[in-house]
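S.K.: here is my input, please return the structure:
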Amino acid sequence: MIKIVLLGAGNVATHLYKVFKTASNIEVVQWYNRNKKAIESYKNEVEITDDVNNLIEADVYIIAISDDAIESLSASLPFENRLVVHTSGSARLYDIDQKHYRGVFYPLQTFSKAVDLDFTTVPICIETLRKEDFKLLETIGQSLGCTTYKVNPKQRPALHLAAVFINNFTNQIYRVAHEITEKQGADFDILKPLITETARKVQEVSPYLAQTGPAKRNDKKTIKRHLKLLDNPHHEAIYTLLTESIKKTHGQ
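M.R.: Have a look, this model is predicted:
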């Protein structure tokens with residue numbers, strides 16, 4: 001049985017706790033958060049604490065908190081020579097205090113507390129300094145049904161940056177589209193099959209080959225009509241920037 005102490009109570013920590021509970025060879029022996037109320041509802045399932053001095057021994061301590069707080073929390077842990085990992089895509093491995101065996105267990109996915117997630121679809125990016133630590137984290141990932149990847153200090157931040165473009169920026173584009181349709185009383189649901197097909201298509205061909213639309217064709221009349229329809233300067237700026245980016249990519 002792999003014993004885990006979980007530190008943090010945000011979206012990632014909450015999803016990890018729930019999926020760890022489903023694994024037969026993993027036990028969350030303790031859950032820490034500086035605001036105990038945030039995890040109070042789980043007190044009948046797992047030992048909870050808001051005091052790092054009360055942390056118990058485990059095989060791995062998983063820190064799932066904001067990047068800015070990783071360094072100080074890891075330094076405050078009252079032990080050394082134990083495996084301590086964080087779950088960030090952008091924080092450095094060395095943000096974990098050097099008194100610990102350091103690692104990264106990065107689930108590359110978008111997490112919302114209220115939305116259930118099939119963890120078997122989540123890739124786990126692992127970075128460690130010691131081979132034995134990698135094997136342990138790999139076992140944890142595989143126990144969740146995940147595909148695990150060994151990544152280096154340059155690959156992980158690049159993946160995180162790419163993920164921001166794919167997820168966060170795309171979601172903002174969805175929001176702009178929602179505002180455009182909402183203003184004219186058009187049903188945003190009409191666009192959802194297009195969202196699905198756009199995501200499906202890049203599973204089969206490269207984003208370069210999947211690109212369509214007026215910018216790729218350099219359809220100046222359509223582009224001009226679209227810009228005329230946009231009465232929000234912010235939306236117009238986004239449309240123009242992305243149009244120019246597509247045109248440059250496809251040699252228009």
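
S.K.: which residue ranges of the stretch 151-252 of the chain form strands?
M.R.: Counting by DSSP state E, counting those that start in this stretch, no segments of the stretch 151-252 of the chain form strands.

S.K.: all the helices of it, in order from the start?
M.R.: Using DSSP state H, counting those that start in this stretch, the helices assigned to the stretch 151-252 of the chain run over residues 155-163, 170-183, 192-201, 207-210, 214-217, 220-229, 233-249.

S.K.: winner for burial among those helices?
M.R.: Mean neighbour count, computed with mean count of other C-beta atoms under 10 Å, is highest for helix 214-217 among the helices of the stretch 151-252 of the chain, reaching a mean of 17. The way it works is simple: take the backbone N, C-alpha and C, and place the C-beta from them, glycine included.

S.K.: and the protein, what are its domains?
M.R.: For the chain, the structural domains run 2-152, 156-249, going by automatic domain parsing.

S.K.: which of these sits most buried?
M.R.: Comparing these by mean neighbour count (mean count of other C-beta under 10 Å), domain 2-152 comes out on top with a mean of 17.

S.K.: now mean pLDDT too, for the domains of the chain, in JSON lines please.
M.R.: Below are those laid out as JSON lines (pLDDT from 0 to 100):
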{"stretch": "domain 2-152", "mean pLDDT": "97"}
{"stretch": "domain 156-249", "mean pLDDT": "97"}
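
S.K.: ok so, going back, can you redo the helices of the stretch 151-252 of the chain as TSV with distance to residue 24?
M.R.: TSV is the format used below for these (distance: least, C-beta to C-beta, whole Å):
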stretch	distance to residue 24
helix 155-163	29
helix 170-183	35
helix 192-201	33
helix 207-210	39
helix 214-217	50
helix 220-229	54
helix 233-249	47
